[in-house]
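Trainee: Below is the sequence, then the predicted model.
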2 protein chains.
Amino acid sequence: MNVQAPLLARDAARPKAKFRPPAVHQVRVEGFFGPRIDAIAATTAHTLLDRCIAAGMLDQVDPDRPNPGLKIPFQTGNDTVTTQMFWDSDFGKSIETAAYALSRKPDPALEARVDEVVEAYGRLQDENGYLNSWYQRIEPGRRWTNLRDCHELYDAGHMMEGAVAYFHATGKRRLLDIMAGYADHIASVFGPGEGQKRGYCGHPEIELALVRLARATGERRYLDLARFFVDERGAAPHYFDEEARARGRDPQDYHFEDHRYTQSHEPVRAQRHVVGHAVRAAYLYSGMADVSTEYGDETLKPALEALWGHLTEKNLYVTGGFGPSAHNEGLTFDYDLPNETAYAETCAAVALVFWANRMLGLGPDRAYGDVMERALYNGALVGLSLDGTRFFYDNPLESRGAHHRWRWHRCPCCPPNIARLVASVGTYAYGEAEREIAVHLYCEGVADLETAGTKVRIRQETRYPFEGRVALTVEPEAPADWTLSLRLPGWSSAIAVSVNGEAVEVGAHEEKGYLRLTRRWAAGDRVELDIDMPVERLHARPEIGADQGRVALQRGPLVYCLEEADNGAHLNSVLLTPESAFRCEEASDLGGATVLVTQGLREIGADGAALYAPTAPMREAASLRAVPYYAWDNRAEGEMLVWVRQEGAR
Amino acid sequence: MNVQAPLLARDAARPKAKFRPPAVHQVRVEGFFGPRIDAIAATTAHTLLDRCIAAGMLDQVDPDRPNPGLKIPFQTGNDTVTTQMFWDSDFGKSIETAAYALSRKPDPALEARVDEVVEAYGRLQDENGYLNSWYQRIEPGRRWTNLRDCHELYDAGHMMEGAVAYFHATGKRRLLDIMAGYADHIASVFGPGEGQKRGYCGHPEIELALVRLARATGERRYLDLARFFVDERGAAPHYFDEEARARGRDPQDYHFEDHRYTQSHEPVRAQRHVVGHAVRAAYLYSGMADVSTEYGDETLKPALEALWGHLTEKNLYVTGGFGPSAHNEGLTFDYDLPNETAYAETCAAVALVFWANRMLGLGPDRAYGDVMERALYNGALVGLSLDGTRFFYDNPLESRGAHHRWRWHRCPCCPPNIARLVASVGTYAYGEAEREIAVHLYCEGVADLETAGTKVRIRQETRYPFEGRVALTVEPEAPADWTLSLRLPGWSSAIAVSVNGEAVEVGAHEEKGYLRLTRRWAAGDRVELDIDMPVERLHARPEIGADQGRVALQRGPLVYCLEEADNGAHLNSVLLTPESAFRCEEASDLGGATVLVTQGLREIGADGAALYAPTAPMREAASLRAVPYYAWDNRAEGEMLVWVRQEGAR
């Protein structure tokens, strides 16, 4: 059963809101993402619960079970796991994934499993509303003593997101009520009032979750709490320092050295550089963008825009991944984008999709839509195997053959994160506003939206992202005047559009990279886009040393890579030439993905054992096959390379 | 005062010895290394003692001073230091450096400072001979409880090396006697007898040091102890495991996971792959080679030769550095030779010089001489600034501008290690045998050697390594029949040799890459070599992905690099072409080093803020200047690059 949100009138909670994403169940996705979502519904959603429970999470949550206590790395089946203080977040994201799976396809067994977990949480919850399995069962008596390191509010946020999704998918209020109760408790503990804590979480997440909770429940107080956390962050005296002293610790004794790691080094409105842990950063900025949208708060915009520019102009991989360093799982210095050692955590690309999507709350702008699409199809989607059973945590752009997908991870944040993103991808495709519907992503499917006081069904027919033709049929319940805004992807320089067969002069209607079609839309109106989708060879700025003399292949939103499975070993001995022409083929071994076939050169090293010799390698013609980056490591193990050598000044 | 070693008849201690290096004071080095040694004598030798004492080492050693206790990172002047359990080793190497400085040039003040340290050690030494400032003053009661991690025998080894050098340089026996006494104590504690420990050090070093002590004192028992340590290593049951259990610890609870880190994973004779910590590895293999030489032990040769092949054919940087990983300061997997993240510790290249030199104890062989020269002139020498005041610890082959020399280091092993190597470089240039003298390295200077029962002075006149002409004058005290073996560097394909003006047919007298000239040598005999020294562009095997499409420039033994100071920023936007011709110039800003000047191309990125764009960069002609790798980071800070892009199949 799907339930329409919100419960209360929307506008109560959004005085100046502009664009909001539709709920997941409003969009039925087929085409490219359809089989991926089906795999999640059929497999991944169960797998996530299996692995969470095998690791002992349910034992930790359920007060009726023996307390498993703290477990340092131990084996369960084929996996090595460790008790983590953020396990509730993994359950939260797994429940969220299960919810989207249930939106996709009824599955009583899955629903029963989720209900079991929900009931355990219900039994665990304190009378005052508090709910955190780590602090209630593993480390009792320490609540709210270490917000900097211990993910306490972060856990709450993910459980809230799970609760909203599960409510939307099933109509069951139990978890939503549990988490609303916890949110109320949090609002009593944290705030500007006397006796309240002026703290916030070391790992942002609850900010955006509270906005979702507010939107689902219509309760403005959750928005206010989100805004409080955003506003307090980085204020002096620094909460984390005071808190450390209260624990009897020296605030300087901090593994991550300073508060940039948690983006609390200065008030958020003063921030201009993306720093610290990548996922935290993008979650925080997502929450900031939500607050800015919901309150029409213009004072957050200069920070948001500067942070966006800093990330996308100086610190983003071509895959839409970011955060090159394993040490802090995050940022280092500008243009530090090494390929083989790229951390580029799956969760960071997922979080960037969230952030970009929230930036679109302020209105359609290709600057955000293009990056959202890049991160989604490449840096995020690569995190999930084609069959939905295995996961990447870090995502290098080059591998010498030893980088492979995990069944699970000691820090299991990425598996449910990429699963929930893919299973809810429809929500990222659209934005609904007062008298406007924005189409941010193209994908075969049907969306039931609302604008100008009427319900509007939009049907997309397309083989996107493998082909650039998209036909949109607009079916409002009643004719009305509103604007349909269609993203004109920045990677295409030739886009033809027609409405009901009549060509539209694209340039005349373009605004910030969106084609804005304002008219009285009536049932059966048909918009056709023909987005030219050539194979592009991308060159990197000279500051990115590792990519010089190399190109990344991109077609449409997809970044490509070479794999050893297709091209043999020693991928750095392979060259493209300016003359290399590309042929698109459908790859039956990769779920029908379009792959690129071309002729290049291969260098053959001189004979002999010498590591280094004055003899240049010989060259011979070579057939090369590039596959979408998201699809790599789904076949035989081997090398992988995104940035391919190319010679010649073109 | 220089004292001729050894004290006892040589042959007592070397039943089947072949080639031994001369003592440092036997070789007076000028030319290329002369000014470097002068800088060490004038500056570095003092600086090392200054920094050791400023860090508190003398306070730790001297029982008459207040015990400074354990200090976690603290500031002294401009340096951050930490008490290290291996501080004695740093004193040992600093004393060794001071000794070579005193061999170079009398310096009563320096000698007095060393004497002060020696006296402190004398006061510290236990009645039973034991001597270790960590275990006597910082962690008393724990002697010989953790050989795996705590460097106890390693400390002893470096102090022994310092003692031998100081005795040779000054004739003073005090430290030699102290360390001989300690060696005797160690021999009583360790050994195969009942009640003795069958242990060995987690960080090899004492093995080679005991051989030096045996050679200096003529005492065979020190050789026997070295052989014991070599023979026991890796035997079952594993000593480190037993020792951990005796400490009440789980042997599995080990940061470095397994015994490969300490090269004790299997008996040394079974070892075929260079693994673990790089410096430990090469020190161990040095000790093994010494033992093999001294005992004529052929059973060590298969391991030594396989290990040598594994290092030089699969794991050596073109600079002669090795050990790519910071995590274990050592080896990872074959062909893992990343440039920017190369650890390639200065000490590892120094240790490789030691190992290669010990392999030459088995007889002249270019396989060892060439690598010794490569490591010496590049990966090791780079560790010391031209003025002798600053040091590199890790040595990447590419830097984006943030890698700079240290005044000091928390782990101050490299500064005295590279200083003692350079100050003693003469000893690596020659090998003396029964009826043969081998010349391994060419450098202006005079050596006083001995063979065939007569003293032989060899004078080299040359601008090597900047020019390939070398004139050797042989001055035996009495004419005698013996062989003069001259290394024919493998990097040269055209070497002309004459004896007293008469051309020698090189091929007819070559053996393992050495020209072996056997004759009755008489005073005034003159050998002239003309070693062709073209600029070579080295290509790397295809397994080394990062180097493909690139060349390393080498001329003679010197590997070159580009620096931002000469070539501007964005060194990866610079290309060589097959047509690029090189001109040699003398660089006044780099101590007269020969630099390479050529024409190449520079790419200029497209305008705009985009990180990635389909527009290929423009190209323009560019003058390029490459400088010896050892000389980088002696001018303005900036980028550096060894492997330079080159296009075209040549």
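Mentor: Nice, I can see it. No experiment lies behind these values; they were computed from the predicted model shown. Numbers count the residues shown, from 1 in each chain, chains lettered A, B, ... in the order given.
Trainee: and A:Tyr254, what pLDDT?
Mentor: For A:Tyr254, the model assigns a pLDDT of 89.
Trainee: Counting neighbours, what do you get for it?
Mentor: Using other C-beta atoms under 10 Å in any protein chain shown, the number of residues around A:Tyr254 comes to 17. (Each C-beta comes from the backbone N, C-alpha and C, glycine too.)
Trainee: which SS state does it fall under?
Mentor: coil (DSSP: H, G, I helix; E, B strand; the rest coil).
Trainee: Let me see the contact set for it.
Mentor: A:148, A:244 (C-beta atoms under 8 Å, 6 or more residues apart in numbering or on different chains).
Trainee: and it, how far is that from A:Cys411?
Mentor: To A:Cys411, A:Tyr254 is 20 Å away according to C-beta to C-beta, to the nearest Å.
Trainee: And A:Phe391, by the same measure?
Mentor: For A:Phe391, the distance to A:Cys411 - C-beta to C-beta - is 11 Å.
Trainee: More neighbours: those two, which one.
Mentor: Neighbours per residue (other C-beta under 10 Å) separate A:Phe391 from A:Cys411, with A:Phe391 holding more: 25 against 15.
Trainee: Quick check: bridge partners of the more buried one?
Mentor: A:Leu384, A:Trp406 (DSSP bridges).
Trainee: and the gap between it and A:Val425?
Mentor: 17 Å.
Trainee: Likewise for A:Lys197?
Mentor: On the measure of C-beta to C-beta, A:Lys197 and A:Val425 end up 37 Å apart.
Trainee: Have a look at these two and say which one is more surrounded.
Mentor: Looking at A:Lys197 and A:Val425 with other C-beta under 10 Å, you find the greater number of neighbours at A:Val425, namely 24 against 15.
Trainee: Excluding residues flanking it in the chain, which one is nearest that one?
Mentor: Using C-beta to C-beta, 6 or more residues apart in numbering or on different chains and skipping residues adjacent in sequence, the residue nearest A:Val425 is A:Phe33, 5.1 Å away.
Trainee: Kindly report the same for A:Tyr464.
Mentor: A:Tyr442 (4.3 Å).
Trainee: same check, this time on A:Gly568
Mentor: A:Gly568 sits nearest to A:Arg602 (C-beta to C-beta, 6+ apart), 7.9 Å away.
Trainee: Enumerate the positions of the helix or strand harbouring that neighbour that are buried.
Mentor: Assigned by DSSP states H and E, A:Arg602 belongs to strand A:593-604. Applying a neighbour-count criterion of 16 or more other C-beta atoms under 10 Å in any protein chain shown, one finds A:593-596, A:598, A:600-603 buried in strand A:593-604.
Trainee: quick one, domains of chain A?
Mentor: A:10-429, A:434-531, A:536-646 (automatic domain parsing).
Trainee: Show me where the stretch 151-300 of chain A has its strands.
Mentor: Counting by DSSP state E, counting those that start in this stretch, one finds no strands in the stretch 151-300 of chain A.
Trainee: Could you pull up the residues touching the residue of it found nearest chain B?
Mentor: Nearest residue of the stretch 151-300 of chain A to chain B: A:Asp253, at 10.8 Å (C-beta to the nearest C-beta). Going by C-beta under 8 Å, 6+ apart, A:Asp253 touches A:Ala244.
Trainee: which parts of the stretch 1-150 of chain A sit against chain B?
Mentor: Residues of the stretch 1-150 of chain A lying close to chain B (C-beta under 8 Å from any C-beta of the partner chain): none.
Trainee: Could you do the stretch 551-650 of chain A as well?
Mentor: Residues of the stretch 551-650 of chain A lying near chain B (C-beta under 8 Å from any C-beta): A:552, A:570-573, A:575, A:603-606, A:609-619, A:639, A:645, A:647-650.
Trainee: redo that, cut-off 7 Å
Mentor: Contact residues, the stretch 551-650 of chain A versus chain B (C-beta under 7 Å from any C-beta of the partner chain): A:552, A:570, A:572-573, A:603, A:605, A:609, A:611-617, A:619, A:645, A:647, A:649-650.
Trainee: are any of those buried, and which?
Mentor: By 16+ other C-beta under 10 Å, these give A:552, A:570, A:572-573, A:603, A:605, A:611-614, A:616-617, A:645, A:647 as buried.
Trainee: And the closest residue to A:Val164 other than its chain neighbours, how far from A:Met288?
Mentor: In this structure, A:Val164 finds its nearest non-sequential neighbour in A:Ala216, 4.4 Å apart by C-beta to C-beta, 6+ apart. Plainly put, A:Ala216 is 20 Å away from A:Met288 if you go by C-beta to C-beta.
Trainee: Pretty sure A:Tyr285 sits against A:Leu304.
Mentor: Yes: counting by C-beta atoms under 7 Å, A:Leu304 is a contact partner of A:Tyr285 at 6.4 Å.
Trainee: And these two? Which one has more around it.
Mentor: Neighbour comparison, A:Tyr285 and A:Leu304: the larger count goes to A:Tyr285, with 30 against 21 (by other C-beta under 10 Å).
Trainee: Who are the contact partners of that one?
Mentor: A:304, A:307, A:355 (C-beta atoms under 7 Å, 6 or more residues apart in numbering or on different chains).
Trainee: Same question for A:Asn634.
Mentor: A:385-386, A:590.
Trainee: Adding pLDDT and distance to A:Phe333, write the residues you listed out as a markdown table.
Mentor: Below are these laid out as a markdown table (pLDDT from 0 to 100; distance: C-beta to C-beta, whole Å):
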| residue | pLDDT | distance to A:Phe333 |
| --- | --- | --- |
| A:Ser385 | 96 | 33 |
| A:Leu386 | 96 | 35 |
| A:Leu590 | 95 | 36 |
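Trainee: out of these, who's nearest B:Ala165?
Mentor: Nearest to B:Ala165 among the contacts of A:Asn634, counting by C-beta to C-beta, is A:Ser385 at 60.6 Å.
Trainee: quick one: the closest one and A:His404 touch, right?
Mentor: No: applying C-beta under 7 Å, one finds A:Ser385 not in contact with A:His404, separated by 10.1 Å.
Trainee: hmm, back to that, and A:Ala216 and A:Met288? Which one has more around it.
Mentor: A:Met288 (31 against 26).
Trainee: hang on, the earlier thing: so the residue nearest to A:Val425 sits right up against A:Cys443, yeah?
Mentor: Yes: between A:Phe33 and A:Cys443 there is a contact under C-beta under 7 Å: 5.7 Å.
Trainee: Okay then, goodbye and thanks.
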